[in-house]
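Peer 1: pasting the sequence and the predicted model now:
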Amino acid sequence: MIAWAVLRIVGSAAALVALYYALPLNHSSAWATATMLVIGLVVFVGLVAFQVGAILRSPFPGLRAIEAVTTSVPLFLLLFAGTYVVMATRSASNFGERLTHTDGLYFAVTVFSTVGFGDITAKTEAARLVVTGQIMADLIILGLAIKIILGAVSRRRQPGDADGAQPAQRPHR
């Protein structure tokens, strides 16, 4: 079961990263970028909802929760990384330089982790608004999405679940 979960995690992350690097992000328009980000975030929310349902149905909810987090977060980060690459390509003034796919991913991860090395910075109001949006979404993901996923694990492990699992009894003294 663990090996299968690891395979799904690695496979989905590899597929997402390969798709990200294959996309011709340097040929997108500003509207296409905004649309891509909004649709991507809707897909992200749908993926989290699907994952919560899968956790509630799983005989191994903890393992399924780990899988949910490790497949959802890369999607989220790659959505913002792609947006940053397109913004930097459309106007070098957005970030002070053009960003490669790797630069965009690096920047999205540093914003997500709140490290912020300062080597890549948002220079225009539009870029700062997108980065601010990512920061706010980061807080939501770190707070709400993880709480929902862990709540699903906890709920699934409660006595009287569909699989009939009962909590271990403590010995009486």
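Peer 2: Looks like it arrived, so ask away. Numbers count the residues shown, from 1 in each chain.

Peer 1: need the nearest residue in space to T70, chain neighbours excluded.
Peer 2: Excluding its sequence neighbours, the residue lying closest to T70 (CB to CB, 6 or more residues apart in numbering) is I9, at 4.8 Å. For the C-beta atoms, the positions are set from N, CA and C on the backbone; glycine is no exception.

Peer 1: for L25, that is, sorry about that
Peer 2: V85 is the one closest to L25 (CB to CB, 6+ apart), at 4.4 Å.

Peer 1: burial measure for the one you found, as a count.
Peer 2: Using other CB atoms under 10 Å, V85 has 27 neighbouring residues.

Peer 1: ok, the residue nearest to T70 - contacts?
Peer 2: 66-67, 70-71 (CB atoms under 8 Å, 6 or more residues apart in numbering).

Peer 1: out of the residues you listed, the closest to L150 would be?
Peer 2: I66 (10.7 Å; CB to CB).

Peer 1: how near is that closest one to S58?
Peer 2: 11 Å (CB to CB, to the nearest Å).

Peer 1: re the thing from before, isn't the residue nearest to L25 up against T102?
Peer 2: No. Between V85 and T102 there is no contact under CB atoms under 8 Å: 9.4 Å.

Peer 1: can you pull out the low-pLDDT segments for this structure?
Peer 2: The model of the chain has pLDDT under 70 over residues 159-173.

Peer 1: what ranges does it have for its helices?
Peer 2: 2-22, 30-57, 61-90, 101-112, 125-140, 146-156 (DSSP state H).
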